[in-house]
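>>> What follows is a protein structure lacking sequence information:
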């Protein structure tokens, strides 16, 4: 498992011992979004739907299985991911996919189109949303062409 790797951030050992209810996020009600979500795991620690309620920040853990792609999406919240374990590839705006490993960050400004891809490795990250935390204007466009 990627979170037990020697390269994983040490906090991963603690995360593995927590009784979190890991589920795919429910950021959109779109059928395409749901179809492209079965390979994702997430727990919101702090936020409107979090273990601790907050209307000013969403903070949680998020990961994807190997050989998966979570397509292009936008949302009003500004977002950052900090990689804790494994490897993934982020696409931001019109740029191609760029790799991210443990300790790397991927920042997405409000409404910046972005996508995520994994290859042979899964990944786990911590994420934070600030600004407009609602999912009302979340848009999922599907896989890049």
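Right, received. Where do you want to start? Predicted, not measured: the structure shown is a model, and the values here were computed from it.
>>> where along this structure do the strands fall?
For the chain, applying DSSP state E gives strands covering 40-46, 57-64, 69-74, 78-92, 98-101, 105-108, 114-117, 123-130, 139-142.
>>> do you know which of those lies nearest residue 24?
strand 40-46 (4.7 Å; C-beta to C-beta). Just so you know, the C-beta spots here come from the backbone N, C-alpha and C atoms, and that holds for glycine as well.
>>> Identify the residues contacting the residue most central in space within the chain.
Within the chain, the residue whose C-alpha comes closest to the C-alpha centroid is residue 62; the distance, by C-alpha atoms, centre = their mean, is 4.5 Å. By C-beta atoms under 8 Å, 6 or more residues apart in numbering, the contact list for residue 62 reads 25, 40-42, 81, 124-127.
>>> Kindly state the beta-bridge partners for it.
According to DSSP bridges, the residues that bridge with residue 62 are residue 42, residue 125.
>>> any idea how far it is from residue 11?
With the distance defined as C-beta to C-beta, to the nearest Å, residue 62 ends up 14 Å from residue 11.
>>> How about residue 139?
32 Å.
>>> Could you list the low-confidence segments of the protein?
Segments of the chain classed as low confidence (criterion: pLDDT under 70) are not present in this model.
>>> mind redoing it with 80?
Under the criterion pLDDT under 80, the flagged ranges of the chain are 145.
>>> Next, count neighbours for the nearest residue to residue 69 once chain neighbours are set aside.
What sits nearest to residue 69 in space, not counting adjacent residues and going by C-beta to C-beta, 6 or more residues apart in numbering, is residue 117, at 4.8 Å. For residue 117, the count of nearby residues is 18 (other C-beta atoms under 10 Å).
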